[in-house]
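Asks: 3D, please:
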Amino acid sequence: MGLSSDEPRPSLWSDLPAELAGLILRRLPPSHADRLSFLAVCRQWRLAAQQQRGSLPPALPWLRLGPRTFHSLPGGEVLRLTGWAACTPSKAARTCSFDGWLLLERGDGTCFLGNPFSGATVDVPRRLADDGSAFSVGTLMRKMVVCSPDLVAATLLGVDVGLCRPGDDTWWASGSSFSRVSRDGWYEDIAFHSGKVYGLTADEWLVSLQVADNGDVEVKYEILPQSYSDTDQEAESDSDTDSENTGPEDAEFDPVTDPEEELPSKILYLVASHDKLLMVKWSVPRTGAIAGAAKVIDAIKLKVFAAELETGRWVELKNGDLAGQALFVSKGCSRAIHLAGHDQRFRGDRVYFLGVDLATCCKEVEIPSYGFYDLRTETVGRVFLNGGRYRFRSEWFFP
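Replies: I've put the predicted structure just below:
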């Protein structure tokens, strides 16, 4: 008797019901690399991933190690992007990656931002609108933010903010000279939040910027440096002064610092977090004041403030006020991610930082590849990849 045609065939992964494939995807670590592997299994699994797209937690970022080389979190895979092979990462740039974009240079010297996953590109102008002079994009730009398909913002050597629209031949600079009204007249960071570009200065000013119809950049002073509030200070805020900040003429320049801080190095970041705009403020002790590398890192103090734009004040967030979010901060990109998994290495209510951002403050200290500050326990954790630190200008990269 011959073999029956009714004998069961081996099961295939593509036969797995979409509901079960979706459960597998949701149980994977929040790794973009793992999700790409899931999509590569078969068409049915790609359909299952589309059904889960709105409910998946955000993936953890990659750590950029070289011009096209990345370290994937949390698994540690080393990945290399090969798109736009004819172009090279801008050699002059201190930072070549911004959020999920790479700054690339063509053979003729022109630069553009490219998203290696969507394939989208945005040309970057090489001239300023005020005098039309050409410049090296990589040398001048410290940070770029692709706010929308219609707007790109960038810090210009830290002293100004430039805005451009697709097709523009020049950057429109704000022309704000904070050095005239502030002891520390430069921008520390920029962010895009609720349809506006915001700039944070070294003196902890917060300004908003937008391009007017005539091409001018309009600047509004949102928070002045003395405008802080917390639960201890709110009882003293009964004055009848106008809370709207229209200019710096009458401002006092005394940013709030801890009494016990003796001339620490200060690092500031601006982070857009859902409905809040956050300022992360590091106070890093000088290496000469504390003996021992580990003690220097452990003595770091960190505070997070939310911009209360209605009243024009910074409000300090206490333990747990991040509601399970983790902040990944760096000079090229910062982002807030909600973390709710069981991986103890990546948890909410922490601020994850890059070791290279501490290099100017802790020159004699063994600097980690990256680390975190736990807002609940006020402790610092350090991670050394491959047994040591990376001296390259590493950045967080969000694919």
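
Asks: check contacts around the residue positioned nearest the centre of the chain.
Replies: Centrality entry for the chain: nearest residue to the mean C-alpha point is Ser334, 1.1 Å, by C-alpha atoms, centre = their mean. Contact analysis of Ser334 by C-beta atoms under 8 Å, 6 or more residues apart in numbering lists Asp189, Ala191, Tyr269, Leu270, Val271, Val280, Leu327, Phe328, Trp396. Every C-beta, even on glycine, is put in place using the N, C-alpha and C of the backbone.

Asks: buried subset of these?
Replies: Those of the contacts of Ser334 that meet the buried threshold are Asp189, Ala191, Tyr269, Leu270, Val271, Val280, Leu327, Phe328, Trp396, by 16 or more other C-beta atoms under 10 Å.

Asks: Name the nearest of those relative to Val122.
Replies: Val122 lies nearest to Ala191 out of the buried ones among the contacts of Ser334, by C-beta to C-beta, at 17.8 Å.

Asks: Who does the closest one form a beta bridge with?
Replies: Here Ala191 sits in beta bridges with Tyr198, as judged by DSSP bridges.

Asks: hang on, isn't it packed against Ser208?
Replies: No - between Ala191 and Ser208 there is no contact under C-beta atoms under 8 Å: 10.5 Å.

Asks: so what sits against both of these two?
Replies: What both Ala191 and Ser208 touch, as defined by C-beta under 8 Å, 6+ apart, is the set Val197, Tyr198.

Asks: circling back: need the buried ones among the contacts of Ser334 in a markdown table (columns: secondary structure and pLDDT).
Replies: Compiled in a markdown table, those are given as follows (DSSP: H, G, I helix; E, B strand; the rest coil; pLDDT from 0 to 100):
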| residue | secondary structure | pLDDT |
| --- | --- | --- |
| Asp189 | strand | 91 |
| Ala191 | strand | 94 |
| Tyr269 | strand | 94 |
| Leu270 | strand | 96 |
| Val271 | strand | 96 |
| Val280 | strand | 95 |
| Leu327 | strand | 95 |
| Phe328 | strand | 96 |
| Trp396 | strand | 91 |
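
Asks: pLDDT weak spots in the stretch 1-150 of the chain?
Replies: Counting by pLDDT under 70, the stretch 1-150 of the chain contains low-confidence ranges at 1-11, 84-96, 129-140.

Asks: which residues in it form helices?
Replies: Per DSSP state H, counting those that start in this stretch, the stretch 1-150 of the chain carries helices over the ranges 18-27, 32-39, 43-52, 137-140.

Asks: can I get those helices in TSV with distance to Cys147?
Replies: Rendered in TSV, the data for these read as follows (distance: least, C-beta to C-beta, whole Å):
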stretch	distance to Cys147
helix 18-27	31
helix 32-39	22
helix 43-52	27
helix 137-140	18
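
Asks: hang on, the earlier thing: pick the one among the contacts of Ser334 closest to Ala18.
Replies: Nearest to Ala18, judged by C-beta to C-beta, of those is Phe328 at 32.0 Å.

Asks: so which of the buried ones among the contacts of Ser334 comes closest to Leu20?
Replies: The nearest member of the buried ones among the contacts of Ser334 to Leu20, counting by C-beta to C-beta, is Phe328 at 32.2 Å.

Asks: List the contacts of the closest one.
Replies: The neighbourhood of Phe328, defined by C-beta under 8 Å, 6+ apart, consists of Pro61, Ser334, Arg335, Ala336, Ile337, Tyr352, Trp396.

Asks: so how far is Asp275 from it?
Replies: Computed with C-beta to C-beta, to the nearest Å, the distance linking Phe328 and Asp275 is 19 Å.

Asks: cool, Ser194 as well?
Replies: Counting by C-beta to C-beta - Ser194 and Asp275 are separated by 8 Å.

Asks: between the two, which one's more packed in?
Replies: Under the criterion of other C-beta atoms under 10 Å, the comparison of Ser194 against Asp275 puts Ser194 first, with 11 against 8.

Asks: mind listing what the more buried one touches?
Replies: For Ser194, the set of contacting residues under the criterion of C-beta under 8 Å, 6+ apart consists of Leu277.

Asks: do you know how far it is from Ala307?
Replies: Following C-beta to C-beta, the distance that separates Ser194 from Ala307 is 11 Å.

Asks: what residues are shared contacts of these two?
Replies: With contacts defined as C-beta under 8 Å, 6+ apart, the residues shared by Ser194 and Ala307 are Leu277.

Asks: So what sits opposite Val211 in the bridge?
Replies: Those that pair with Val211 in a beta bridge, by DSSP bridges, are Val217.

Asks: check contacts around it.
Replies: Leu151, Leu163, Arg165, Trp172, Val217, Glu218.

Asks: In ChimeraX, select just the buried ones from those residues.
Replies: ChimeraX command restricting the contacts of Val211 to the buried ones, with burial defined by 16+ other C-beta under 10 Å:
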select :151,163,172,217
